[in-house]
Every structure is written in C-alpha cells, then in structure tokens.
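> just a sequence and a predicted model for now, questions to come.
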Amino acid sequence: MNRAGLRPLGWSLAGPRPLPHKQLPEPDQLKDPDFVQRNQIIAERLRAALDARPASR
C-alpha cells in the first residue's frame, strides 16, 4: 500500500487528526514569548517568500 501511495487501513480507520502545522495559533499563543521565539525563523522565511512573489494583476 505504501508503494502505491495509499495509507494503511489502520490509519484510515483512526479518523482525522489535527495537524499542528495546519492549525492557526490561538490568540493567547501569539503573546507567548516561547511560541513566538520558536516560530520566528519560519515567519521570517515565509515573509521573504511572500515578498519575493511577483505582483498579481
């Protein structure tokens, strides 16, 4: 199943799990210095990538 790109049946039956990288942070998390520091590099890279995009018309 892995070679065909299909997930094993056991994972399919487990139901959807929230993925931390696909969830928006809670407003209180944005004020937490540890959370901000952990995500600072990612935020800078994302801003740089977004700024480098060509302007759409």
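Structure received.

> contacts for the host helix or strand of Arg45 next, please.
For Arg45, the element it lies in under DSSP states H and E is helix 33-52. Helix 33-52 is contacted from outside by Pro25, Gln29, Leu30, using CB atoms under 8 Å, 6 or more residues apart in numbering. In this view, the C-beta of every residue, glycine as well, is placed from N, C-alpha and C.

> need the nearest residue in space to the second one, chain neighbours excluded.
Nearest residue to Gln29, sequence neighbours excluded (CB to CB, 6 or more residues apart in numbering): Phe35, at 4.7 Å.

> what's the answer for the last one, then?
Computed as CB to CB, 6+ apart, the closest residue to Leu30 that is not its neighbour in sequence is Val36, at 7.1 Å.

> what residue ranges in this structure score low on pLDDT?
1-21, 57 (pLDDT under 70).

> what about the residue nearest to Leu30, distance to Ala49?
19 Å (CB to CB, to the nearest Å).

> show me which of these two is the more surrounded one.
Using other CB atoms under 10 Å as the criterion, Val36 and Ala49 rank with Val36 on top: 13 against 9.

> and what about Ser56, helix, strand or coil?
At Ser56 the chain is in coil, as set by DSSP: H, G, I helix; E, B strand; the rest coil.

> please report how far it lies from Leu50.
For Ser56 relative to Leu50 (CB to CB), the value is 12 Å.

> with Phe35 instead?
21 Å.

> so the two - more neighbours on which side?
Applying other CB under 10 Å to Phe35 and Leu50 shows that Phe35 carries more neighbours, namely 14 against 8.

> look up how far Ser56 lies from that one.
Phe35 is 31 Å from Ser56, by CB to CB.

> do the same with Arg47
In terms of CB to CB, Arg47 sits 17 Å off from Ser56.

> alright, that wraps it up for me.
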